[in-house]
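Participant: need coordinates for the following:
(2 chains)
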Amino acid sequence: MNEQSTYTADREAYTQSSLSVVQRTKQFLQRITDRAELNAFITINANRAVISAGESDERFTAGLERPLEGLVVALKDNISMKGLPTTCASRMLEGYTPLYDATVIERLRNAGSVFIGKTNMDEFAMGSSNETSAYGVVRHPLDATRVPGGSSGGSAVAVADGMCHVALGSDTGGSIRQPAAFCGTYGLKPTYGRVSRYGLIAFASSLDQVGLFSLSIPDMEAVFDVVAGYDPMDSTSIEAPSIVSIPTDHPLRVGAMPLSQLTGCEQSILDAYGKYLDALRASGARVVDVAIPHSETWIPTYFILATAEASSNLARFDGVRFGTRVDAADGDITTASRTAGFGTEVKRRIMLGTYVLSSGYSEAYYGKAQMARRLIRDAYVDIFKSVDVLAMPTTPTTAFSLGEKSDPVSMWLSDYFTVSANIAGIPALSIPFGTDSAGLPIGMQLQGAMNSDEMLMSIARGLKI
Amino acid sequence: MLFGPTGSGMRTGYNAVIGLEVHAQLTTASKAFCSCPTDFGAQPNVNACPICLGHPGTLPVLNKNLVAYAVKMGLATNCSIREVSSFSRKNYFYPDLPKGYQVTQYADPICFGGSVEIETDAGVKHIGITRIHMEEDAGKSIHDLDIDTLVDLNRAGVPLIEIVSEPDIRSAHEAYQYLQQIRQILMYLGICDGNLEEGSLRCDANISVRPDGQDDFGTRREVKNLNSFRNVEKAIEYEIGSQIDTLKNGGTVVQQTLMWDAGAQKTKLMRSKEEAHDYRYFSEPDLVPVVVDEAWRMELQQSLPELALAKKRRFIEQYGIPTYDAGILVDNSDVALMYEETCSQLVPASSEAFKLVSNWTMTEMLRIMGEHKCGINEVGVTSSQLASLVNAITNGKISSKTAKELFPDMIGSGRVAQEFIDERGLSQISDEGAIKMLVDDVIRNNPDNLKKYSEGKTNLFGFFVGQVLKASGGSANPSIVSSLMKEALESVQGSNTLEE
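Facilitator: I've put the predicted structure just below:
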């Protein structure tokens, strides 16, 4: 792997003028070119990135550097940036360029960040392997025959392979944490509402959350500090009322998911999990087994809610105002455009979502999933009365092979450990934790109560890996 | 009276049950979920932004005034206000619906369980309001051009409220009155311009018929596109007749959605029950619940103006004007306001004067408003001017006839009646009509002297003239008084002679 550089270290070098932002940006751009076979990027913002890096250098020279001056960021290609094509890795958005900046972009820009490009992903963030992209699969940095995970596969690769300092992704059911685990980076899915969704092209609005990939916790903390917070453009965003911190009056109480609930895990994952709990104990935590109720309902609940919302969210792609338009002999532009523009997995989920909301079935599926969601959320609230965090693996396996999971249901089941945090709205962090015998990274997860994002990062920082 | 296919004579034995759904476009400055303006008549697709165009990644932010307006309407129609309500998505594809769904309220509308009063021949009747909910409008598809279908999204996202009545309406005329009442309340609240022709007020009717004596409702059919008050009444009348025909001929009414074809003067099929959309409603995840706490509700309650019906009753009571006059004066809140402002400037303030103001308003002011299609404040005659005119009449300074002649010159002049009277010497001195009134009064009030005069005591002529001059405060022209008195006394004498 390329020399990985953290922003925290580079900022030190920028300040001492031993490295310029332009130099660093050009190195990253070179790496993207050198590793083109990984297919991590859909759009490279080379010219604008170098110009903006130059501005950052001037700021450092003038002593006017801002909180994230010279931070080089890659953006998942479902986050809107004015003037730069945004594709969601779909033919449907061919030729579409946003007229506005997402709130996260605006905040990062104002803090001095450099945007290096838009990363590849599963089409409309629907997938767990980055194989559904209309722009081709993304390959694992350590083994080109394997997947990097998804849906934010390009962002995970960009960070893991030294193409940027940090990357933004979106996590609807594990789309940050799973590729972070597969590629060996940190991956944070924040508390629902902590980061504005304005400008994130919606997959499932009540589950989607913009989050981060980084090589270090200090980098993640610095970026989170800038992007988090209430946004008047997103009614569901929140200013965290009171941030949950590491308890000082008692040892950290960690609830460990018991073996009986670790469905479908490879031995390497189970082994790593044991070591992970040991590491938590070594850092002073008290670890107790906590079975999480209703875990059997996580996957079905997630797929009903996510597809229902997706079927509605993706209705605006009708060929009328932007993106792909296919003319039809019968005048039905919408059907013709959607048939041509969407890939198989997206169509599958739109159909499923339409079905679960349709008259006569809505109560049995969508209605029930809403009830299950309340139960799942309530169960988490209860659990966090007796423990401070929950520990579990991020994924049941390490990175699997391209084409290995051709059956959609087996692919969906691989999201078992990640979807419940989205259903409950709680924050979850994937921590790189060793490798399997083939040297493939393993990720371990921390989940906490609402607004415990900062605490999860603090715990991870103190962990001896 | 309007008749359906069978004519009302054949209708006996059946009665109609009608409920109305009224969509009112609200006059908030900006759209429901973005800051675009809502002006009517702008160039196509000018009042649009990434949010109301449904661009990917954009999110709605609720306009607080939409909530305030909806609550006002709810309070004005005696509804309960839900403290916490929410939005849903109504999903369907149409080129003028940018997001592929309409943001609306479904399970928990902001207002529910109200009623409005209408005045029927049989007395006051209450029509129940099932619910009032907030939603956004779609854009406009323009099909009737040769080229293609054109889409104008200026209207996309304009705030609406939908007011759903209970099935309490029993005739086309009641439906008409109910709609008038709703429109009047909306306009009194200043939240909708009430224009059916321009589509800022839209009405759909659910109609069923049943045999007299049957409690259960018949199968209903919905009639859409009722874009004038006249069409509402005609379409309902037609549909009632058509349904009764069907039943009388042994058929059954099938649930359908119909369009009123104003050209052909009949309803036509829009879609059958089988073709009905499945809107796949679910709660809108991009918006948080709408909270109307007690403090806000009370504040809105206190901001409500006196509504038309209450005002009408008060006018009858306070000004002693006929019910008919009061109904006309309160129909437009600006007219009602000017009426009251005028009345407050009357000296003396008598019921006779109040009636005079009503007459002048209904004839002259409303006529000019109609001719110029303008509001009463654009007529060019202020309440002070109108009051000055009526005062001049009641004080006997000028006759009504003179006032009518003078009125056109007052328009736009900003000057009160007295100024014209002075300038033109129109006052009592030369106003024969006004002097004649005084002459007649004096004759009437002095029967003894009149008798003596008739019997030959002609030197009493001076007495009569003197009395008139005294009554006019010395301002009447003595020669006119003299000649008019002479005429009057002669005619009295003449008639006496004839009697004898």
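Participant: can we go C-alpha only for contacts and neighbour counts from here?
Facilitator: OK.
Participant: what is the mean pLDDT for stretch B:104-123?
Facilitator: Averaging pLDDT along stretch B:104-123 gives 94.
Participant: can you pull the buried residues of that stretch?
Facilitator: For stretch B:104-123, burial by neighbour count (16 or more other Cα atoms under 10 Å in any protein chain shown) applies to B:104-106, B:108-118.
Participant: which positions within the lowest-mean-pLDDT helix or strand in chain A qualify as buried?
Facilitator: When the helices and strands of chain A are scored by mean pLDDT, DSSP states H and E, helix A:408-413 comes last with a mean of 82. Across helix A:408-413, burial judged by 16+ other Cα under 10 Å covers A:W412, A:L413.
Participant: list, one by one, the residues from the stretch 201-350 of chain A near chain B.
Facilitator: A:201-202, A:205-206, A:232-236, A:312-313, A:315-316, A:318, A:320-321 (Cα under 8 Å from any Cα of the partner chain).
Participant: let's see it at 10 Å
Facilitator: A:201-207, A:232-237, A:308-309, A:311-322, A:333-335 (Cα under 10 Å from any Cα of the partner chain).
Participant: narrow those to those in helices?
Facilitator: Per DSSP state H, helices hold the following members of those: A:A308, A:E309, A:S311, A:S312, A:N313, A:I333, A:T334, A:T335.
Participant: of these, just say which sits nearest to chain B.
Facilitator: A:S312 (6.7 Å; Cα to the nearest Cα).
Participant: distance of the nearest residue to A:G462 once chain neighbours are set aside relative to A:M220?
Facilitator: Spatial nearest neighbour of A:G462, chain neighbours left out: A:S283 (7.1 Å); criterion: Cα to Cα, 6 or more residues apart in numbering or on different chains. Counting by Cα to Cα, to the nearest Å, the separation of A:S283 from A:M220 is 21 Å.
Participant: quick one: which of the two has more around it?
Facilitator: Counted by other Cα atoms under 10 Å in any protein chain shown, A:S283 and A:M220 do not tie: A:M220 has more neighbours, with 25 against 15.
Participant: tell me the contacts of the residue nearest to A:G462?
Facilitator: A:P251, A:L252, A:L277, A:I459, A:G462, A:L463, A:K464 (Cα atoms under 10 Å, 6 or more residues apart in numbering or on different chains).
Participant: got it, and B:R210?
Facilitator: Contacts of B:R210 by Cα under 10 Å, 6+ apart are B:G13, B:Y14, B:N15, B:A16, B:V17, B:D216, B:F217, B:G218, B:T219, B:Q243, B:I244, B:L247.
Participant: where does the nearest residue to B:T104 once chain neighbours are set aside land in three-state SS?
Facilitator: Leaving aside its chain neighbours, B:T104 sits nearest to B:E135 (4.1 Å; criterion: Cα to Cα, 6+ apart). Classification of B:E135 using DSSP: H, G, I helix; E, B strand; the rest coil returns strand.
Participant: tell me the domain ranges of the chain?
Facilitator: If you meant another chain, say so; for now it's chain A. A:1-292+A:381-465, A:298-364 (automatic domain parsing).
Participant: ah, I was thinking of chain B
Facilitator: Using automatic domain parsing, chain B is parsed into the domains B:8-300, B:306-424, B:432-499.
Participant: tell me how far the first one lies from the chain's centre.
Facilitator: Averaged C-alpha coordinates place domain B:8-300 at 19 Å from its chain's average position (Cα atoms, centre = their mean, to the nearest Å).
Participant: likewise for stretch A:17-37?
Facilitator: 23 Å.
Participant: just the buried positions in that stretch, please.
Facilitator: Applying 16+ other Cα under 10 Å to stretch A:17-37 flags A:S20, A:V21, A:V22, A:R24, A:T25, A:K26, A:F28, A:L29, A:R31, A:I32 as buried.
Participant: in strands, which of the contacts of B:R210 fall?
Facilitator: If you go by DSSP state E, those have B:Y14, B:N15, B:A16, B:V17 in strands.
Participant: most widely separated two among the contacts of B:R210?
Facilitator: Greatest spacing in the contacts of B:R210, by Cα to Cα: B:G13 and B:T219 (16.9 Å).
Participant: higher neighbour count, the two?
Facilitator: Neighbours per residue (other Cα under 10 Å) separate B:G13 from B:T219, with B:T219 holding more: 16 against 11.
Participant: surely the more buried one meets B:I244?
Facilitator: No. Using Cα atoms under 10 Å, B:T219 is not in contact with B:I244, being 11.7 Å away.
Participant: hang on, the earlier thing: just checking, which of the buried residues of stretch B:104-123 belong to strands?
Facilitator: Using DSSP E, the buried residues of stretch B:104-123 in strands are B:T104, B:C111, B:F112, B:G113, B:G114, B:S115, B:V116, B:E117, B:I118.
Participant: ok, the fourth one touching B:I163?
Facilitator: No. With contacts counted by Cα under 10 Å, B:G113 stays clear of B:I163, the gap being 11.1 Å.
Participant: so what sits against both of those two?
Facilitator: B:G74, B:I129, B:T130, B:R131, B:I132.
Participant: Throw those into CSV and include neighbour count and distance to B:P56, thanks.
Facilitator: Shown next, in CSV, are those (neighbours: other Cα atoms under 10 Å in any protein chain shown; distance: Cα to Cα, whole Å):
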residue, neighbour count, distance to B:P56
B:G74, 25, 35
B:I129, 25, 38
B:T130, 19, 36
B:R131, 24, 33
B:I132, 29, 30
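Participant: need the max-distance pair from the residues you listed.
Facilitator: Most distant of these, by Cα to Cα, are B:G74 and B:T130, 10.6 Å apart.
Participant: which of the three states applies to B:F354?
Facilitator: Per three-state DSSP, B:F354 ends up helix.
Participant: against B:C49, how distant is it?
Facilitator: In terms of Cα to Cα, B:F354 sits 52 Å off from B:C49.
Participant: and what of A:A329?
Facilitator: For A:A329 relative to B:C49 (Cα to Cα), the value is 31 Å.
Participant: those two: which is more packed in?
Facilitator: Neighbour count, other Cα under 10 Å: between A:A329 and B:C49, B:C49 has more, with 17 against 8.
Participant: for that one, give me its contacts.
Facilitator: The contact partners of B:C49, by Cα under 10 Å, 6+ apart, come to A:L99, B:C34, B:S35, B:C36, B:H55, B:T58, B:L153, B:N154.
Participant: still on that earlier bit, which of the domains of chain A sits closest to B:C343?
Facilitator: domain A:1-292+A:381-465 (49.8 Å).
Participant: am I right that B:Y339 is in a helix?
Facilitator: Yes. Assessed by three-state DSSP, B:Y339 belongs to a helix.
Participant: my guess is it contacts B:L329. True?
Facilitator: Yes. Using Cα under 10 Å, B:Y339 makes contact with B:L329 at a distance of 7.4 Å.
Participant: report the set of residues contacting both of those two.
Facilitator: B:F315, B:S358, B:T361.
Participant: any idea how many residues pack against the second one?
Facilitator: Pointing back at B:S358 there. If we define neighbours as other Cα under 10 Å, then B:S358 has 24 of them.
Participant: surely it touches B:T323?
Facilitator: No. The pair B:S358 / B:T323 is not scored as a contact, 11.5 Å apart, by Cα under 10 Å.
Participant: identify the contacts common to these two.
Facilitator: Contacts common to B:S358 and B:T323, judged by Cα under 10 Å, 6+ apart, are B:L329.
Participant: pretty sure A:L93 contacts A:A340?
Facilitator: No. Applying Cα under 10 Å, one finds A:L93 not in contact with A:A340, separated by 11.3 Å.
Participant: if I look at these two, which residues touch both of them?
Facilitator: Contacts common to A:L93 and A:A340, judged by Cα under 10 Å, 6+ apart, are A:T324, A:R325.
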